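Peer 1: Below is the sequence, then the predicted model.
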Amino acid sequence: MLPSRLAYRAGATTLRQSRTISPITLGTQQSRSVSVYGYEQAKCLTFPDYGEPKDVLKLHGHSISPPHRDLVTMRFLASPINPADINQIQGVYPSKPTFTTNMSSAEPLAVGGNEGVAEIMAVGSGVKGLQKGDWVIQKAPGFGTWRTHAQTTADPLLKIENHEGLTPEQVGTVSINPCTAYRMLKDFVSLQPGDWFMQNGANSGVGRAAIQLGKLWGYKSINIVRKRETGFEEMKKDLESLGADIVVTDEEMADRSMREKIMEITNGGREQIKLGLNCVGGKLVNNMAKQLSEGAHIVTYGAMSKQPVTLPTPLLIFKNISFDGFWVSKWSKNNPEEKKKCVDEVLDLTRQGKFHDTPMQPVHWNIGTKQQELVDAVQGTLEGYRSGKGIFVFGET
Ligand code: NDP
């Protein structure tokens, strides 16, 4: 998708260009290495072919020359490791990365990562609307964000108008999970204050965003999380502190007694559960669908269990439950203005303390950070029951 629009500068190979004078202090909190004559020494987490992250990811270095004409040079501040990034590396995600030799590599390489925030370091003479010091995110997935620096035109970038009071981690994770939750709550059924929605994967980044946005808009939520050996009560309290009304496990959801419980909390069924959000798939979706009101919609956005959704036909015939899907990549591409509005609104809420980012496990990426540390962090994303989303936080690079 977008990477074909990128214009990486071919690496400079002379000794003069690659000599570094470092570190120097930049305007923001970090220091970094910079080459003479404004050449940046970029490092990228790349893959030459699809496969398991631990088998295919390699740290690759190249030089970036000063930007001219319509090019900007930027340095990344924070880039999350999302489940879809792993699927993309495995080659099972519909949005394919661009494999290119533009980063001075012998073989074509793709850069991992689809989300992140970068700071503009320098702009070419023909660039309009962006200047040094601006923060930018990507308009759509596909950019390749696991890298210290990049050079591109302004086209794929969305400027953050005001990053005052926000951290790179907050801005770097705003565009995928919160926008997905936002649109799913708004675009499939007309929820009114007091209406309920139900979701599985409620402790995921998307799930947490849905709880908070739903609460702000007056919707009540039933939240399903996977049963775990330890820590359920803590997680329940955590989700309740975000605004969750009810938190149950997937096992409780499968129990016959759930019908009675749902009738109780929805005031004998008089309060409607019009929407279900599906992050997980499998049998859990049947158990959710059984509890929804007639004519409700279930929106599938993830498949974390890798189990298919198979449905008893009475749910379709007698309850007229509708099944929809949502993909934020396609929505962002088709609705760039709406996407910007959504990002601005969530960042405003974040600044006001009304929206809290998902728990994160920072992976610090500095000049000396070894390939293995970065690869391990990506591979670790495949494990369940994590205490937070992995995120590369760039320091001295
Ligand atoms: P997070 O990394 O924040 O959370 C992962 C979630 O998945 C946790 O709730 C985790 O539960 C659960 N999980 C992990 N493994 C399993 C498993 N084997 N069975 C059931 N649940 C599991 O994820 P995100 O919020 O970033 O993404 C969640 C899903 O949504 C992903 O599939 C992602 O690709 C998708 N997504 C889709 C979008 C779209 O536009 N369609 C946009 C954004 C995300 P636990 O803590 O119990 O391990």
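Peer 2: Good, I have the coordinates.

Peer 1: residues in contact with H163?
Peer 2: W135, V171, L347 (Cβ atoms under 8 Å, 6 or more residues apart in numbering). Heads up, the C-betas are built off the backbone N, CA and C, glycines and all.

Peer 1: From those residues, list the ones also adjacent to the ligand.
Peer 2: For the ligand, no contacts are drawn from the contacts of H163 by Cβ under 6 Å from any ligand atom.

Peer 1: among the residues you listed, who's most crowded?
Peer 2: Highest neighbour count within the contacts of H163: V171, with 24 neighbours (other Cβ atoms under 10 Å).

Peer 1: Tell me which residues are up against the helix or strand hosting it.
Peer 2: In the assignment (DSSP states H and E), V171 maps to helix 168-172. For helix 168-172, the external contacting residues (Cβ under 8 Å, 6+ apart) are 77-80, 115-117, 135, 137, 160, 163, 347, 350, 357, 360, 362, 391, 393.

Peer 1: one more time with 6 Å
Peer 2: L77, A78, G116, V117, I160, H163, T350, D357, M360, I391 (Cβ atoms under 6 Å, 6 or more residues apart in numbering).

Peer 1: got it, and stretch 328-346?
Peer 2: Contacts of stretch 328-346 (Cβ under 6 Å, 6+ apart): S95, A140, P141, V174, S175, I176, P178, C179, T180, Y182, R183, F355.

Peer 1: mind listing what L59 touches?
Peer 2: K43, Q371.

Peer 1: Moving C-terminal from the helix or strand hosting it, which element do we reach first?
Peer 2: For L59, the element it lies in under DSSP H and E is strand 58-64. Downstream of strand 58-64, the first helix or strand assigned by DSSP H and E is strand 71-80.

Peer 1: Partner strands of that following strand, with direction?
Peer 2: If you go by DSSP bridges, strand 71-80 pairs up with strand 117-123 (antiparallel), strand 149-153 (antiparallel), strand 389-394 (antiparallel).

Peer 1: Now the element after the longest helix along the chain, going C-ward?
Peer 2: Ranked by residue count, the top helix of the chain under DSSP state H comes out as helix 336-351. Note on helix 336-351: by DSSP H and E, the next helix or strand toward the C-terminus is strand 360-365.

Peer 1: Outside of the helix or strand that that following strand is followed by itself, which residues are in contact with it?
Peer 2: Sequence order places helix 371-380 as the next helix or strand after strand 360-365, per DSSP H and E. For helix 371-380, the surrounding residues in contact (Cβ under 6 Å, 6+ apart) are L45, P53, K54, L57, L59, I81, V363, G390.

Peer 1: Find the pair from the residues you listed with maximum spatial separation.
Peer 2: Greatest spacing in the contacts of helix 371-380, by Cβ to Cβ: L59 and G390 (16.2 Å).
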